[in-house]
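Chemist: need a structure here:
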Amino acid sequence: SQLSNEHTDVLEGRYSFLAHNDDELCWGGGCDPTDPTYVQRDGGWQLLVPTDFPAGDWVKIEVDFTMASKLCTPPAGGNVSKCGPGNPCVSPPCNGGYNTCGDPWDRTAHLFMVLDDCIDQGVQCMNHDNIELMRSVTPFGTDARPPDGPGTVPPRKLTMDITPFAPLLAGQQRFIGAHIGHFTQGGWWVTTQFRKSPHRSRRPTVSNRSSSTVAVPKSRDRSRSAFLRTRCR
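Modeler: Residues are numbered from 1 along each chain as shown. Model prediction:
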């Protein structure tokens with residue numbers, strides 16, 4: 001594909017593509033979306049990304065949702081502790097238990113698909129008209145990569161089979177939303193990857209084999225077999 005967020009496995013017919021691509025969710029809207037077509041909502045907790053789903057007879061669709069908070073290890077980011085008090089307060093009031101680079105707490109995370117006109121109306125998109133693809137809990141922080149952190153605790157990656165929603169996806173453009181509520185100065189980075197497998201018709205079974213039955217001579221031990229079956233190719 002000419003698009004950097006798409007990948008096709010020609011031999012297997014599998015197709016994968018990204019919605020969110022290491023995009024940041026941050027409280028207070030202090031992080032601007034990386035693309036002008038992205039929509040930021042709910043004070044920066046929520047990011048909605050327009051995603052084109054290819055047409056086709058898809059029989060399996062999975063989504064991978066990856067969450068990372070990229071915590072810095074002191075003294076990076078001006079921190080004196082990884083997840084405790086004493087770290088610089090960027091967005092007062094700060095009550096301790098935070099990291100200037102990311103959110104060290106466990107949070108409820110939502111991944112959802114927009115079906116209504118909430119984007120055009122400028123209203124909340126997490127509502128009963130739209131479909132939640134995954135609900136999860138973030139880890140207690142993940143490490144930044146060197147030099148800011150050791151990279152010991154990797155991002156959390158979760159997978160969900162969303163095949164029942166295939167009719168709502170194939171050949172459509174949908175906004176895919178990620179939402180993680182947090183009240184800390186550091187936020188979360190999310191990646192959403194869809195993997196689709198097409199319909200494969202079963203190969204027809206063709207056999208040229210025929211069979212015939214012959215009588216067993218009376219002298220043969222009938223306790224083993226009453227008949228011998230031979231096959232001709």
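
Chemist: for the rest of this, base every contact and every neighbour count on C-alpha atoms.
Modeler: Noted.

Chemist: residue ranges with poor pLDDT in the chain?
Modeler: Counting by pLDDT under 70, the ranges of the chain that qualify are 1-13, 29, 90-95, 199-233.

Chemist: what about the strands in it?
Modeler: Residue ranges of the strands in the chain, as given by DSSP state E, are 6-9, 14-18, 23-25, 39-41, 46-52, 58-68, 108-113, 131-137, 156-161, 173-180, 188-198, 210-215, 227-232.

Chemist: check the ones you listed for me and report the most buried one.
Modeler: Between the strands of the chain, strand 23-25 has the highest mean count of neighbours, a mean of 26, where neighbours are mean count of other C-alpha atoms under 10 Å.

Chemist: what lines up beside it in the sheet?
Modeler: Taking DSSP bridges as the criterion, strand 23-25 pairs within the sheet with strand 188-198 (antiparallel).

Chemist: the strands of the chain: which one's closest to residue 120?
Modeler: Residue 120 sits nearest to strand 39-41 of all the strands of the chain, at 10.4 Å, using C-alpha to C-alpha.

Chemist: so which elements touch the closest one?
Modeler: Where contact means 3 or more C-alpha pairs under 8 Å, 6 or more residues apart in numbering; DSSP states H and E, strand 39-41 is packed against strand 46-52.

Chemist: what lines up beside the strand it packs on in the sheet?
Modeler: Partners of strand 46-52 in the sheet, by DSSP bridges, are strand 39-41 (antiparallel), strand 173-180 (antiparallel).

Chemist: before we move on, back to that, looking at the strands of the chain, which is nearest to residue 123?
Modeler: strand 39-41 (8.5 Å).

Chemist: run through who's touching that closest one.
Modeler: In this structure, residues lying in contact with strand 39-41 by C-alpha atoms under 8 Å, 6 or more residues apart in numbering are 29, 33, 46, 47, 48, 49, 119, 124.

Chemist: so how far is it off the chain centroid?
Modeler: Between the centre of strand 39-41 and the centre of its chain there are 19 Å (C-alpha atoms, centre = their mean, to the nearest Å).

Chemist: does residue 96 touch residue 87 like I think?
Modeler: Yes - with contact defined as C-alpha atoms under 8 Å, residue 96 reaches residue 87; the gap is 7.5 Å.

Chemist: more neighbours, those two?
Modeler: Each of residue 96 and residue 87 had its neighbours counted (other C-alpha atoms under 10 Å), and the higher figure belongs to residue 87 (22 against 14).

Chemist: just give the nearest non-adjacent residue to that one, would you?
Modeler: The shortest distance from residue 87 to any non-neighbouring residue, by C-alpha to C-alpha, 6 or more residues apart in numbering, is to residue 79 (4.8 Å).

Chemist: thinking again about what came up before, redo the strands of the chain as CSV? Include distance to residue 74.
Modeler: Putting those into CSV (distance: least, C-alpha to C-alpha, whole Å) gives the following:
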stretch, distance to residue 74
strand 6-9, 37
strand 14-18, 33
strand 23-25, 22
strand 39-41, 31
strand 46-52, 29
strand 58-68, 18
strand 108-113, 27
strand 131-137, 26
strand 156-161, 22
strand 173-180, 25
strand 188-198, 19
strand 210-215, 78
strand 227-232, 77
